[in-house]
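Generate coordinates for the sequence data below:
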Amino acid sequence: MVLVDTHILLWIFSDSGRLTEQAKRALNENDACVSIASLWEMAIKASLKREEKRLELEETIQDIAGLCVEQGIDIIPITPDDCERIRTLPHHHEDPFDRIIMAQALVRGIPLITKDENIWKYDEVKKIW
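Prediction:
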């Protein structure tokens, strides 16, 4: 099992060609999951008024969730254990979405596929890129 970060999910669905060979291999050789926090993050960023911060989505969040189901990507909930794990994460990075996604990877003992340089500051999180 591997957890995909929000931008990775978007790249998978857009067939952007941005994934590394290692990330593609991990996705092909493992079951994948995405946090419900990623869908929440997309919804918030799509609702922003400032263009430079806004995420342009052609699909609804429901459509994206449906694509996850079609692609066999499980959507995992946020649990109290995930929330508790955030408390012990160092504060290298303050983004709440990234912090819960990292906590979910740690609680489940699975690697996170991400290009996010801020997440790479966390030695305890196993990362694939």
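
Just give me the residue right at the centre of the protein.
Geometric centre of the chain, nearest residue: Asp5, 2.0 Å, by CA atoms, centre = their mean.

which one is that one nearest to, not counting chain neighbours?
Leaving aside its sequence neighbours, Asp5 sits nearest to Thr114 (CB to CB, 6 or more residues apart in numbering; 3.8 Å). Every residue, glycine included, has its C-beta placed from N, CA and C.

So what's the residue count around that neighbour?
Residues lying near Thr114 (other CB atoms under 10 Å) number 24.

oh, and call the first residue 624 from now on, that's how I've got it
Okay, using 624 as the starting number, the last item reads as Thr737.

if I read this right, it contacts Trp634, doesn't it?
No - assessed by CB atoms under 8 Å, Thr737 is found out of contact with Trp634, at 10.9 Å.

Report the contact partners of the residue nearest to the centre of the chain.
If you count contacts by CB atoms under 8 Å, 6 or more residues apart in numbering, Asp628 has them with Ser661, Asp721, Ile724, Leu735, Ile736, Thr737, Lys738, Asp739, Ile742.
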